[in-house]
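Colleague: Turn this into a structure:
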Amino acid sequence: MNHTGKGGMPKEHISLPRARPMPFSSVVKAGNFVYTSGHTGSRDPEGNPLTTIEDQTRQTMINLKKTLDAAGVSFDDAVKATIFLKRMEDFGEMNGVYRSFYDDNLPARSTLVTNLVAESILVEIELVLYKE
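Modeller: Numbering: from 1, shown residues only. The predicted structure follows:
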């Protein structure tokens, strides 16, 4: 859905198909900025549970890539990442998988350790991107 926000900045809300409807957009484009909702990857595409931080981080990044593709941007356009981890001890393994999705131009990043919305989720990632 496209509309013009306050001050005339065009906004576009994109929602990708989900198994169940959720009360948020997958991504919002506002001018040259693109904001993703938090993405997770606790299940593989066939619906099987993923139980390691490496597998969940990889699937989360794959899910994010699908959203970025729909918005016409890529990981290279990312300027800020926020990562939510369930367990601090998963930081190293998550970081290794996350890093493999980028070249040398890494976005600024914050990583927080916190409870997540479901017991099975180990990591959630959101991005802010800029596309000229």
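
Colleague: Can you tell me what sits against the lengthiest helix in the chain?
Modeller: Longest helix in the chain by number of residues (criterion: DSSP state H): helix 53-71. If you take C-beta atoms under 8 Å, 6 or more residues apart in numbering as the criterion, helix 53-71 is touched by 14, 16, 26-27, 29, 34, 36, 39-44, 50, 74-75, 77, 87, 90, 93-94, 96-98, 101, 121-125, 127, 129. From N, CA and C alone the C-beta is placed, and that goes for glycine too.

Colleague: got the CA coordinates for it in PDB?
Modeller: Output of helix 53-71 as PDB, limited to C-alpha atoms (Å, rounded to 0.1, in the frame of the first residue of the first chain):
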ATOM      1  CA  ILE A  53      21.700 -20.800  16.800                       C
ATOM      2  CA  GLU A  54      23.600 -21.400  13.500                       C
ATOM      3  CA  ASP A  55      20.600 -22.900  11.700                       C
ATOM      4  CA  GLN A  56      18.200 -20.200  13.100                       C
ATOM      5  CA  THR A  57      20.500 -17.400  12.200                       C
ATOM      6  CA  ARG A  58      21.000 -18.700   8.600                       C
ATOM      7  CA  GLN A  59      17.200 -19.200   8.200                       C
ATOM      8  CA  THR A  60      16.600 -15.700   9.600                       C
ATOM      9  CA  MET A  61      19.000 -14.200   7.100                       C
ATOM     10  CA  ILE A  62      17.400 -16.200   4.300                       C
ATOM     11  CA  ASN A  63      13.900 -14.900   5.400                       C
ATOM     12  CA  LEU A  64      15.300 -11.400   5.500                       C
ATOM     13  CA  LYS A  65      16.700 -11.700   2.000                       C
ATOM     14  CA  LYS A  66      13.200 -12.600   0.700                       C
ATOM     15  CA  THR A  67      11.800  -9.500   2.300                       C
ATOM     16  CA  LEU A  68      14.700  -7.300   1.000                       C
ATOM     17  CA  ASP A  69      14.100  -8.800  -2.500                       C
ATOM     18  CA  ALA A  70      10.400  -7.800  -2.300                       C
ATOM     19  CA  ALA A  71      11.400  -4.300  -1.300                       C
END
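
Colleague: elements contacting the helix or strand just after that helix?
Modeller: If you walk from helix 53-71 toward the C-terminus, the next helix or strand you reach (DSSP states H and E) is strand 78-85. In terms of contacts (3 or more C-beta pairs under 8 Å, 6 or more residues apart in numbering; DSSP states H and E), strand 78-85 is packed against helix 91-99, strand 108-113, strand 123-130.
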